[in-house]
Every structure is written in structure tokens, then in C-alpha cells.
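S.K.: dropping a prediction and its sequence here:
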Amino acid sequence: MLSSLRVALDRLPLANRTDAVELLDSGCLSLPEIEQNLADLVRLNRLPGGIATSVEGIRQLAGAGGRLRVLDAGAGRADMPLAFAGHGWRTVALDTNPDVLLVARREAAGEPAVEVVGGDARRLPFADGAFDVAHCSLLIHHLGPRDAVTALEELARVATLGVVINDLRRGIWPLAATCVSIGALGRSGVTMRDGLVSARRAYTLDELDGLLAEAGLVTRWRSSRWLPRVVTSASRA
């Protein structure tokens with residue numbers, strides 16, 4: 001019975017990671033479409049596994065006190081950096097997409113603890129140890145394995161305490177949960193399409209651990225592995 005179930009699962013499209021391109025990465029979206037997509041992601045970030053879990057992941061590395069310097073790579077509308085600022089953490093919000101940066105700068109304009117900059121997680125424009133913690137949310141699944149390892153190496157290079165990764169995990173139950181969440185909170189067709197692609201592009205936790213190991217990192221803490229989004233705190237081996 002177990003062997004038959006394993007064979008059936010291996011035949012699902014989720015058994016292997018897809019390389020389908022998300023619309024947000026395609027360069028073909030208008031600014032209003034991007035704004036709608038980012039607004040949906042803000043709502044989704046309020047769910048379990050979102051902002052609150054990222055905060056806990058950072059605290060697992062840094063403790064409860066202190067004015068931390070945090071890098072948030074792939075910052076989207078900067079809702080996470082703004083939440084980090086609410087904890088007294090100075091945060092640099094980084095993204096590669098000029099339209100996303102435009103929206104993030106508008107949203108963070110009134111918060112002096114958040115700086116929005118353009119840059120690529122694979123080639124960070126910062127000195128070694130420029131931050132205490134480097135964080136990324138829903139970024140790693142956008143990258144193929146080689147680029148993901150490069151990004152993790154770069155995040156580790158600029159962070160003295162370690163790296164926090166918040167991302168989807170691939171699997172049938174996470175896919176089902178993602179469908180329900182997007183159906184309830186999504187307002188944009190881009191979100192509906194990209195959310196399903198994201199769930200199929202995501203790495204399994206075993207795959208993520210392999211990427212972390214290649215980048216010279218070891219998992220120090222992990223949130224509930226049963227949620228569709230899981231936060232992993234890692235530091236140098």
C-alpha cells in the first residue's frame with residue numbers, strides 16, 4: 001500500500017519542481033497589474049506563516065532585544081520591512097523590479113527606518129557583515145537551484161547572525177491551501193495565476209536544506225512544516 005501511494009505521488013506534477021515563469025517575472029505586466037498583485041500579497045502576508053512568523057524567525061537568530069539591521073531581499077510592497085520597523089529594526093528593502101520599487105518607495109515614504117534600494121539578491125551591493133540578519137520572503141522559489149544557492153551565499157555574506165527564508169513548500173496539501181488562500185484573498189488574476197505557479201516552483205523542505213548546505217548554512221530553527229509557508233532560520237555551519 002505505501003509503495004503504491006509513493007508511486008502515485010511521484011507521478012503527480014508536484015513530484016518535480018516546475019520551471020514555468022511567473023507573470024511578475026515576465027516583464028510584461030503594467031504598473032496597475034503589479035500594484036494589484038502586491039496588494040494581494042500584503043493580505044496573504046497577514047496569514048499564518050507570513051509576517052509574524054518571519055519576525056519570530058529573525059528573533060530566533062537575534063534574540064528579543066536590540067536595534068537590528070535587517071536586509072529584506074525581494075521586498076515587494078515593503079509591508080514586511082514596515083512591520084520590522086515597528087519592532088525597532090532598521091531595514092533595507094531590496095528589489096530588482098523598477099515598478100515594484102516605485103510602489104515600495106511610495107508605501108515606505110513616511111517611515112525613516114526603512115530604506116528602499118534596487119539590487120539583485122545574487123549580487124548584493126553591500127559590504128560583508130553590513131546587516132545583522134538577511135531576510136527574504138517568497139523569493140527563493142523564483143530562482144533555479146544554482147541561482148538560489150548564489151543568493152543564499154550572498155545573504156549569508158552580508159549578515160553577521162544569519163539568514164531567514166520565508167517561502168512556500170511544494171506538496172499537494174500546500175498547493176490545496178494556497179488555492180484556498182488565493183481564492184479567499186486574491187483580487188487579481190495575476191495573483192491567481194502566479195500563486196499556483198509559485199506552489200509548483202517551490203522547493204520541498206528537503207530540497208531547501210540541500211540548497212542551504214551548498215551555501216554553507218545550517219538550519220537553526222524552523223516554523224511548522226505543515227503550513228504551506230515555512231520560515232527557516234539558518235546560519236553558517
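M.R.: Received the coordinates, thanks. Residues are numbered from 1 along each chain as shown.
S.K.: show the pLDDT at the closest residue to Ala130 other than its chain neighbours.
M.R.: Nearest residue to Ala130 in three dimensions, chain neighbours excluded: Val158, at 4.9 Å (CB to CB, 6 or more residues apart in numbering). Just so you know, the C-beta spots here come from the backbone N, C-alpha and C atoms, and that holds for glycine as well. With respect to pLDDT, Val158 has a value of 98.
S.K.: then Pro125?
M.R.: Reported pLDDT for Pro125: 97.
S.K.: and Leu12, by the same measure?
M.R.: Model confidence at Leu12 (pLDDT) stands at 52.
S.K.: now swap in Pro174 and tell me
M.R.: So Pro174 comes in at 85 (pLDDT).
S.K.: residues in contact with it?
M.R.: Shown in contact with Pro174 (CB atoms under 8 Å, 6 or more residues apart in numbering): 168, 199, 202, 227-228.
S.K.: centroid residue for the chain?
M.R.: Centroid check for the chain by CA atoms, centre = their mean gives Ser137 as the closest residue, at 1.8 Å.
S.K.: before we move on, back to that, quick check: the residue nearest to Ala130 touching Phe131?
M.R.: Yes: counting by CB atoms under 8 Å, Val158 does reach Phe131; the two are 5.4 Å apart.
S.K.: what about the residue nearest to Ala130, distance to Gly76?
M.R.: As judged by CB to CB, to the nearest Å, Val158 and Gly76 stand 20 Å apart.
S.K.: what of Met192?
M.R.: From Met192 to Gly76 the distance is 17 Å (CB to CB).
S.K.: same check, this time on His135
M.R.: In terms of CB to CB, His135 sits 12 Å off from Gly76.
S.K.: in terms of neighbours, single out the busier of those two.
M.R.: His135 (31 against 25; other CB atoms under 10 Å).
S.K.: so what's the more buried one up against?
M.R.: His135 touches 54, 57-58, 70-73, 80, 84, 163-166, counting by CB under 8 Å, 6+ apart.
S.K.: now, which of these lie within helices?
M.R.: 54, 57-58, 80, 84 (DSSP state H).
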